[in-house]
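Student: generate coordinates for the sequence data below:
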Amino acid sequence: QVQLVESGGGLVQAGGSLRLSCAASGRTFSRYFMGWFRQAPGKERVFVASIMWSDGSTYYADSMKGRFTISRDNAKNTVYLQMNSLKPEDTAVYYCAVRPVLAAWGASDTYWGQGTQVTVSS
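Tutor: Numbers count the residues shown, from 1 in each chain. Okay, the predicted model is just below:
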C-alpha cells in the first residue's frame, strides 16, 4: 500500500520561503513520477511540479518556474518542494502525488497524500 505523508506547510509572510516534504513508502518508486499539486479555495487542483524518480528529471508549471524547486532524496524516499518568494496567491493546500511513468496524473494508479496547508500573508 502506497503511503505519502506531507509536512512543512504553515503560515509565512509574502516574500518568504517554505520547504515541503513528502515521505513515500509502500513500494519501489524507480519507475514513478513524484509530483506536487495545489488547490486553492474554490478552485481546481493544479499541477505544480514533478520529478522522475529514476533520473531526477524535473518539470514545472510555467507560473512556478524560477520560484519553486522540486528535488528528491532517494535514500530517504522523500521528495521536496522548495518555495521561494512566496505570494499570497500561492496560498493553497499542497498535495504530494505519485504515478507510474507511463500513466497520467489523476488516473486510477495515481496516489495522493493528505495535503498540507500553505498560507501566505500579505
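Student: going forward, measure contacts between C-alpha atoms and count neighbours the same way
Tutor: OK.
Student: any idea what residue 13 is bridged to?
Tutor: For residue 13, the beta-bridge partners under DSSP bridges are residue 121.
Student: tell me the pLDDT of the residue of the chain positioned farthest from its centre.
Tutor: In the chain, the greatest distance from the average C-alpha position (Cα atoms, centre = their mean) is reached by residue 122, at 22.9 Å. The per-residue pLDDT reported for residue 122 equals 93.
Student: looking at it, it is touching residue 86, isn't it?
Tutor: No. Using Cα atoms under 8 Å, residue 122 is not in contact with residue 86, being 9.8 Å away.
Student: now the residue lying closest to residue 60 once chain neighbours are set aside: how far from residue 1?
Tutor: Leaving aside its sequence neighbours, residue 60 sits nearest to residue 49 (Cα to Cα, 6 or more residues apart in numbering; 4.3 Å). Going from residue 49 to residue 1 by Cα to Cα, to the nearest Å gives 24 Å.
Student: of these two, who's got more company?
Tutor: When residue 49 and residue 1 are compared on other Cα atoms under 10 Å, the one with more neighbours turns out to be residue 49, at 23 against 6.
Student: I'd like to know which elements the helix or strand containing that one is packed against.
Tutor: Using DSSP states H and E, residue 49 sits in strand 45-52. Under the contact criterion of 3 or more Cα pairs under 8 Å, 6 or more residues apart in numbering; DSSP states H and E, strand 45-52 touches strand 32-39, strand 58-60, strand 68-73.
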